[in-house]
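> Pasting a predicted model and its sequence here:
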Amino acid sequence: MERRHFIPAVIAAALVGGAGLWYTAAAPEPPPPTLIASVSGISAGTLTVHVTGLVANPGLVSIPEGSRVADALVAAGGVVPGADLGALNLAAPVSDGQHLNVPDASGGGMAETDGSRVRINTAGVDVLQSLPGVGPVLAERIAAHRDEYGPFAVVEDLLDVTGIGEAKLAAMRDSVVVP
């Protein structure tokens with residue numbers, strides 16, 4: 001290569017290399033992912049949910065359809081110190097008209113019974129076994145169903161639990177209460 005062609009080739013290579021370095025250095029780094037503490041699951045409709053217990057603003061909240069228990073708690077101003085979030089399935093979907101109670105971690109929240117009837121949304125497996133016709137296996141199924149799908153809205157929702165039919169529900173009906 002002749003010297004007069006060599007210098008322009010070196011300059012062109014330096015310019016191309018410099019432009020490449022500038023282009024890759026100028027690309028901004030994407031922001032880190034963040035968790036947003038707001039209502040999610042936006043869709044067409046609105047749900048009204050009654051939130052009680054250890055939340056900042058207990059009462060009725062309006063949230064979008066598709067929202068989860070965690071979204072309802074955020075809409076109620078968030079939980080206050082001493083709340084037992086382990087007692088709730090924060091990922092469970094909520095339904096219109098549902099009642100959510102955030103219990104006290106010390107056990108001062110909503111009791112498992114109302115004196116004579118079992119609260120199916122808060123009772124532990126041991127208390128569920130006190131229901132007529134409910135043994136350890138069915139009690140576990142009730143608790144698992146509640147954890148997976150959220151609290152029971154009405155007593156008849158127990159029919160969705162495998163092993164509970166009309167006859168079993170009739171035997172249990174007077175012994176349970178919602179919420």
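Yep, that arrived.

> hey, which strand is longest across the protein?
If you go by DSSP state E, the chain has its longest strand at strand 46-53.

> Rounded mean pLDDT for that one, please.
Averaged across strand 46-53, pLDDT comes to 87.

> With stretch 59-75 instead?
Here the average pLDDT along stretch 59-75 is 92.

> before we move on, what about stretch 143-158?
89.

> Same check on stretch 162-172?
Here the average pLDDT along stretch 162-172 is 93.

> For that stretch, buried residues please.
Residues 164, 168-169, 172 are the ones in stretch 162-172 that count as buried (16 or more other CB atoms under 10 Å). Just so you know, the C-beta spots here come from the backbone N, C-alpha and C atoms, and that holds for glycine as well.

> Could you do stretch 49-59 as well?
Of all the residues in stretch 49-59, those buried under the rule 16+ other CB under 10 Å are 49-55, 58.

> Tell me who's in contact with the closest residue to residue 154 other than its chain neighbours.
Closest residue to residue 154 apart from its sequence neighbours, by CB to CB, 6 or more residues apart in numbering: residue 178 at 5.9 Å. Residues near residue 178 by CB atoms under 8 Å, 6 or more residues apart in numbering: 119-121, 151-155, 157.

> Name only those of the residues you listed that count as buried.
Among those, the ones that count as buried (16+ other CB under 10 Å) are 119-121, 151-153, 155, 157.

> For residue 49, give me its contacts.
60-61, 63, 72, 75, 94, 96-100.

> oh, I was asking about residue 90
68-70, 73.

> change it to 10 Å
68-73 (CB atoms under 10 Å, 6 or more residues apart in numbering).

> That one: what secondary structure?
Following DSSP: H, G, I helix; E, B strand; the rest coil, we place residue 90 in the coil state.

> quick one: it and residue 151, what's the gap?
For residue 90, the distance to residue 151 equals 12 Å [CB to CB, to the nearest Å].
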